[in-house]
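>>> Following is a predicted model, sequence given first.
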Amino acid sequence: MAVWCVHCSSGAQEVVPLAPWAGSMAVPSGIHAYSEPSSALTLEHARSTGEARRAQRQMLHHRLSSFSVSRYVTAETSQTGGLKWLDLDAVEQRYLLTAAADTTVEAFDIVTSQATSGGHQQQHLKPVFTLKRGHPSAHRYQVTSICWYPVDTGLFVTGSADQHVKVWDTNMLEVACDFECPDKVHSVAMSSFATSHALIAVATKNPLVQLADVVSGGFTHTLTGHRTAVWSVCWSPANGYHIYTGDASGEVRLWDVRRSGCRAMLDMNATQRPRPAASRVEQRSLDGGAARFVSTAARLYTSAGPTDTSAGTRGIKRPAAVEASDRPDDPYSDGERPASAARALAHEGPVTGIVATADGLNLVTAAADNRVRLWDSQYHHNRLVHFANTYNRGAYPKRLSSTSDGRYLFYPRGDDIQVFDIALGRQIALLSQGHYDTVTACVYSPLTNQLYSCGIDGALLAWESWKDEPAMVNQQQPQQHHGLDYWLAAAAGRRAASSMAAAAGPAADVDAWSDDDGDNFV
């Protein structure tokens, strides 16, 4: 099979350099500002002083805080029914796939447009290819989910409401594999970190989660345990065999495809790390001083459970679950209880999105109960991080996104997008005045430092940081630091008529909505 994998003209990927920014930067409480041209802490100087990593983190925070709709990059989509899903290839981070409600599937090259827009020229993103309803192998109903083959861009996968999951050859635009599912497909996903399998996790309106194998062309696994429709599915970046699934009742389950049954369930009431596995400690008996080994957990549970009559623990009562945890071959010997022991809920509504950070340390879930929760990926407990104002309009799956370092989260909230510091739950930017209807998916490109989003309104938008805005600051005066409210409003493209802006002079008093002032912004 031919591989559709286009490289840059130089034969290798070229990372776009970070452009300086001369505007005024807000300083929220507890966060130190980082001024680029005036400060000696540039990236080049930081490498020599050993603070390059800290400077890069501050630069990323600064860029995300100043995100707004790109003035130079626009997309020309041929769909008419609204966009449902996005996916960016993990190999080159160059080709963006879109899935629409009218069965249209398109791909865009975002690296070429980024190189052109760097010269401040209006660039239109045109589809590299388009699959429409008239294609002989196209889906009959809306395409609800789409993803790239993780190894290269020669294949991509689509899931549709017509109960079919199709694997497409990108070169020929023909179906390589077709899997018929028992019900409407909600989400499909492939692991970008797995090296020993090529399984497609399929979440459908049916409670069963199925795994389709691209190599064999059939279903190899069926994960049973959910009681309602499964909406979201996500592979773990820390283990290529682990899958997270979320259903309409609020359950989030962890599966291991090498074992039968559910590995763990996320419980919103579990806010602490589980007790470690029972260790064998030596305890002296009172009669004769003979040494015997008693489980630590056995001494804690003395009220319920069957009596253990084995040597060394005679007369001590403990639950059967604790006994199973003491066995060295038990799969839950790390202190976790089996998921069948009790039904735990991660949310009080349908789980609309699951995203795992690239470092594999955290898991973020969102649901129709207007809650976003942060979980520890290793011990599966709620970290109790509060994300404010995360109302969820529309009870259907949505794609969340995070940065490559796992520090920032992009959450579609109605017709705008919130940008959060994951560890603190603090909102650093609000991306609004771009979409006119509900945002369904967003994906961040670390190569171009851009965020791409789509929605029911059918718009495909690019969000990027401001660059070289001389109208916002008078070079003859020191930089002014505004408050957080002004900064959040400015990041969304609005200008508040405040006394601070009026005192800055005519250069700072600019109407952002006027077309005549386009020369003052770069």
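Here it is on my side, so go on. Residues are numbered from 1 along each chain as shown.
>>> So, low pLDDT: which residues of the stretch 401-522 of the chain?
The model of the stretch 401-522 of the chain has pLDDT under 70 over residues 467-522.
>>> for it, what spans make up the helices?
Listed from the start of the chain, the stretch 401-522 of the chain has helices (DSSP state H, counting those that start in this stretch) covering 484-491, 499-503.
>>> who's in contact with the closest residue to residue 80 other than its chain neighbours?
In space, not counting the residues next to it along the chain, residue 80 is nearest to residue 102; the distance is 5.4 Å by Cβ to Cβ, 6 or more residues apart in numbering. Where C-beta positions appear, they are placed from N, C-alpha and C, glycine not excepted. Under the criterion of Cβ atoms under 8 Å, 6 or more residues apart in numbering, the neighbours of residue 102 are 79-81, 132-133, 142.
>>> Now do the phi/psi pair for residue 61.
Backbone torsions of residue 61, given as degrees, to the nearest 10, read phi -60, psi -40.
>>> what about it, how many residues close to it?
21 (other Cβ atoms under 10 Å).
>>> Test for you: state the pLDDT assigned to it.
If you check residue 61, the pLDDT there is 89.
>>> how close does it get to residue 88?
Residue 61 is 22 Å from residue 88, where distance means Cβ to Cβ, to the nearest Å.
>>> farthest pair in the contacts of residue 102?
Greatest spacing in these, by Cβ to Cβ: 132 and 142 (12.8 Å).
>>> more crowded one of those two?
Residue environment comparison for residue 132 versus residue 142 gives the larger neighbour count to residue 142, 18 against 14, counting by other Cβ under 10 Å.
>>> and the more buried one, what does it touch?
For residue 142, the residues meeting the contact criterion (Cβ under 8 Å, 6+ apart) are 81, 84, 100-103, 160-161.
>>> how near is it to residue 204?
Taking Cβ to Cβ, one finds residue 142 at 14 Å from residue 204.
>>> got it, and residue 228?
Distance check for residue 228 against residue 204: by Cβ to Cβ, it reads 11 Å.
>>> of those two, who's got more company?
The residue with the greater number of neighbours, taking residue 228 and residue 204 and applying other Cβ under 10 Å, is residue 204; the counts read 24 against 14.
>>> Disregarding residues adjacent in the polypeptide, which is nearest to that one?
Of all residues not flanking residue 204 in the chain, residue 183 sits nearest, at 4.5 Å (Cβ to Cβ, 6+ apart).
>>> got the phi/psi numbers for that neighbour?
According to degrees, to the nearest 10, the main-chain angles of residue 183 amount to phi -160, psi -180.
>>> got the contacts of residue 102 as JSON lines, with secondary structure, distance to residue 276 and pLDDT columns?
Below are the contacts of residue 102 laid out as JSON lines (DSSP: H, G, I helix; E, B strand; the rest coil; distance: Cβ to Cβ, whole Å; pLDDT from 0 to 100):
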{"residue": "79", "secondary structure": "coil", "distance to residue 276": "52", "pLDDT": "90"}
{"residue": "80", "secondary structure": "coil", "distance to residue 276": "57", "pLDDT": "87"}
{"residue": "81", "secondary structure": "coil", "distance to residue 276": "52", "pLDDT": "85"}
{"residue": "132", "secondary structure": "coil", "distance to residue 276": "56", "pLDDT": "93"}
{"residue": "133", "secondary structure": "coil", "distance to residue 276": "56", "pLDDT": "90"}
{"residue": "142", "secondary structure": "coil", "distance to residue 276": "48", "pLDDT": "94"}
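>>> which residues touch residue 205?
Taking Cβ under 8 Å, 6+ apart, we find residue 205 in contact with 183-184, 186, 229-230.
>>> switch the cut-off to 7 Å
Residue 205 is in contact with 183-184, 186, 229, counting by Cβ atoms under 7 Å, 6 or more residues apart in numbering.
>>> State the pLDDT value of it.
At residue 205 the predicted local distance difference test score is 94.
>>> So what's the residue count around the nearest residue to it once chain neighbours are set aside?
In space, residue 205 comes closest to residue 183 once its chain neighbours are excluded; the distance is 4.0 Å by Cβ to Cβ, 6+ apart. Taking other Cβ under 10 Å as the neighbour definition, residue 183 ends up with a count of 14.
>>> can you tell me which residues contact residue 183?
163, 204-206.
>>> Name the nearest of those relative to residue 462.
For the contacts of residue 183, the closest approach to residue 462 (Cβ to Cβ) belongs to residue 204, at 31.9 Å.
>>> quick one: the helices in the stretch 251-400 of the chain?
296-300, 320-326.
>>> Any of the contacts of residue 205 buried? List them.
Burial by neighbour count, judged by 16 or more other Cβ atoms under 10 Å, picks out 184, 186, 229 from the contacts of residue 205.
>>> was I right about the first one contacting residue 163?
Yes. Under the criterion of Cβ atoms under 7 Å, residue 184 is in contact with residue 163, at a separation of 6.1 Å.
>>> what ranges of the stretch 101-250 of the chain fall below the confidence cut-off?
113-121.
>>> so residue 57 is in which element?
Using DSSP states H and E, residue 57 sits within helix 52-65.
>>> immediately after that helix, which helix or strand?
Helices and strands here follow DSSP H and E; after helix 52-65, the next one along the chain is strand 67-69.
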